[in-house]
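Enquirer: Below are the sequence and a predicted model; questions follow.
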Amino acid sequence: MKLRNCFREPIKEIFQAAEYLNQATSFHLNGEFQKAEELILKTDIPEIREWTESLWGKNSPYLNFNKLSDSPPILKKDERIETRMPNKALKDKLIERDGHNCAFCGIPVIRAEIRKVIKGVYPNALKWERQNINQHSAFQAMWLQYDHLLPHSRGGNNDLDNLVITCAPCNFGRMQFTLDEVSLLNPLKRERRKTKWDGLERIRKTVVQQHI
């Protein structure tokens with residue numbers, strides 16, 4: 001099977017939502033809170049939810065699994081690297097290297113910490129409950145993940161060259177499979193475009209210090 005950059009190409013609505021959220025952040029920093037809230041509400045777009053839900057789960061039509069004889073086995077929990085997630089220093093290095101864009105599909109991403117702060121200020125605009133269907137579609141799709149290229153369950157470690165920044169759909173959509181098993185190119189071995197998207201981190205100027 002031909003190798004690909006991502007499971008499914010992102011739709012234009014995601015990038016439009018990112019632009020609206022960028023504008024919303026600027027409005028917030030200028031004290032125009034009603035305009036900011038209206039734009040956050042506007043980005044809860046059904047087409048984005050459909051894109052996300054088409055990618056994660058074992059029944060995704062975009063997950064084409066190849067059974068390979070030389071693939072590493074799924075390890076028992078007591079056989080895996082003890083620390084599953086990178087520490088803060090390593091997360092910072094990842095963001096410095098990869099920026100705030102998914103290494104696979106390229107969509108803009110936002111850290112969970114930033115999402116929680118925005119929800120704290122605009123709870124009526126940014127819904128985030130336990131069930132996926134009750135989560136804001138743009139923030140759900142653009143949820144920044146620290147993804148293992150060789151999955152933790154297959155023996156992957158937290159070395160910098162085994163980690164990339166991804167969106168939630170690309171991360172959860174791959175589940176426990178290796179890149180080869182789902183015919184994905186290693187994003188660290190191809191050129192990726194840097195963008196000016198900052199993950200809305202600049203909202204820290206006014207509210208993050210109170211919540212993190």
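Expert: Perfect, I can see it now. Every value quoted in this text rests on a predicted model; they were computed, and no experiment measured them. Numbering: from 1, shown residues only.
Enquirer: how much space between the residue most central in space within the chain and residue 174?
Expert: The centre of the chain sits closest to residue 167, judged by Cα atoms, centre = their mean, with a distance of 1.9 Å. For residue 167, the distance to residue 174 (Cβ to Cβ, to the nearest Å) stands at 11 Å. Quick note: C-beta positions are derived from backbone N, CA and C, even for glycine.
Enquirer: Likewise for residue 121?
Expert: 33 Å.
Enquirer: And for residue 41?
Expert: 31 Å.
Enquirer: any idea of the pLDDT on the residue lying closest to residue 11 once chain neighbours are set aside?
Expert: Leaving aside its chain neighbours, residue 11 sits nearest to residue 51 (5.2 Å; criterion: Cβ to Cβ, 6 or more residues apart in numbering). On the pLDDT scale, residue 51 is placed at 98.
Enquirer: I'd say residue 51 and residue 12 touch.
Expert: No. At 10.4 Å, residue 51 does not count as touching residue 12 under the criterion of Cβ atoms under 8 Å.
Enquirer: Which one's more surrounded, these two?
Expert: residue 51 (21 against 8; other Cβ atoms under 10 Å).
Enquirer: gap between residue 168 and residue 195?
Expert: 18 Å.
Enquirer: still on that earlier bit, host element of the residue nearest to residue 11?
Expert: Following DSSP states H and E, one finds residue 51 within helix 46-53.
Enquirer: Which helix runs longest in this structure?
Expert: For the chain, the helix that runs over the most residues, judged by DSSP state H, is helix 12-29.
Enquirer: quick one, what contacts residue 48?
Expert: 11, 13-14, 17, 137-138, 140-141 (Cβ atoms under 8 Å, 6 or more residues apart in numbering).
Enquirer: I'd assumed residue 51 was in contact with residue 173.
Expert: No. Between residue 173 and residue 51 there is no contact under Cβ under 8 Å: 10.9 Å.
Enquirer: Pull out the buried positions in stretch 180-188.
Expert: The neighbour-count check on stretch 180-188 (16 or more other Cβ atoms under 10 Å) flags 181-182, 184, 187 as buried.
Enquirer: Nothing else from me, thank you.
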